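Visitor: pasting the structure only:
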């Protein structure tokens, strides 16, 4: 309960109580919060206090409102550190989620000049173009387009990518180990295809991630990912 004689403002105390419920899992993602009236009665506070609490929680993205329906716990966002190399599959497992992959398309193409320049290979060299949808607990998170040199991964197939992480295939079947990766970021709006694949509205804010992955000095993968802006935050450590 809130303490009326505490030096802490009542709205701040109520916010702490609700945050503890959210962070402990008592209130899960997309759970509906009690109404203003119920919160007033439960914690013996005014509607003004409750509204101030809700405004602050919404401002900090802990909750969201649906007009005419109520207030809900926001889905969890994933904070990805950029200090070291990371894998979507491993990061989702660490977060307690079940990662899955849907291979949208898999084809062998002759690369254009743009891809050739990034991958440091001749124009028209054969590459696999792989489009994948990455999910966590069956919720779409990333829409990825990858380019991989055919000459280095001749037997790569859509079927194995459906069930096995790409980097694991590289390591176990081709004895290729990732030594480094260069990643760049840009804010974008989801186009029609991306919005349909990620189950978000067209024009929703997203991050475009471009990753060039190396085995020593050789490029083994070039991937362009569209990450949902409401699901990911990225942290860079500056020293």
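Guide: Yep, that arrived. Since this is a predicted model, take the numbers as computed values, not measurements.
Visitor: Centre of the chain to stretch 148-157, how far?
Guide: Mean C-alpha position of stretch 148-157 versus that of the full chain (C-alpha atoms, centre = their mean, to the nearest Å) differs by 27 Å.
Visitor: Hmm, residue 125 is touching residue 117, no?
Guide: No. Counting by C-beta atoms under 8 Å, residue 125 stays clear of residue 117, with 11.8 Å between them. Just so you know, the C-beta spots here come from the backbone N, C-alpha and C atoms, and that holds for glycine as well.
Visitor: between these two, which one's more packed in?
Guide: residue 125 (15 against 11; other C-beta atoms under 10 Å).
Visitor: From residue 232, how far off is the more buried one?
Guide: As judged by C-beta to C-beta, to the nearest Å, residue 125 and residue 232 stand 32 Å apart.
Visitor: before we move on, what about residue 200?
Guide: 13 Å.
Visitor: Return the set of buried residues in the longest helix along the chain.
Guide: In the chain, with assignment by DSSP state H, the single longest helix is helix 10-24. Of the residues in helix 10-24, 10, 11, 13, 14, 15, 18, 22 count as buried by neighbour count, 16 or more other C-beta atoms under 10 Å.
Visitor: Just checking, which of the residues you listed comes out lowest on pLDDT?
Guide: Within the set of those, pLDDT is lowest for residue 22 (86).
Visitor: quick one: contacts for the closest residue to that one other than its chain neighbours?
Guide: Nearest in space to residue 22, with sequence neighbours left out and distances taken as C-beta to C-beta, 6 or more residues apart in numbering, is residue 73 at 5.6 Å. Residue 73 makes contact with 22, 27, 28, 29, 30, 31, 33, 62, 63, according to C-beta atoms under 8 Å, 6 or more residues apart in numbering.
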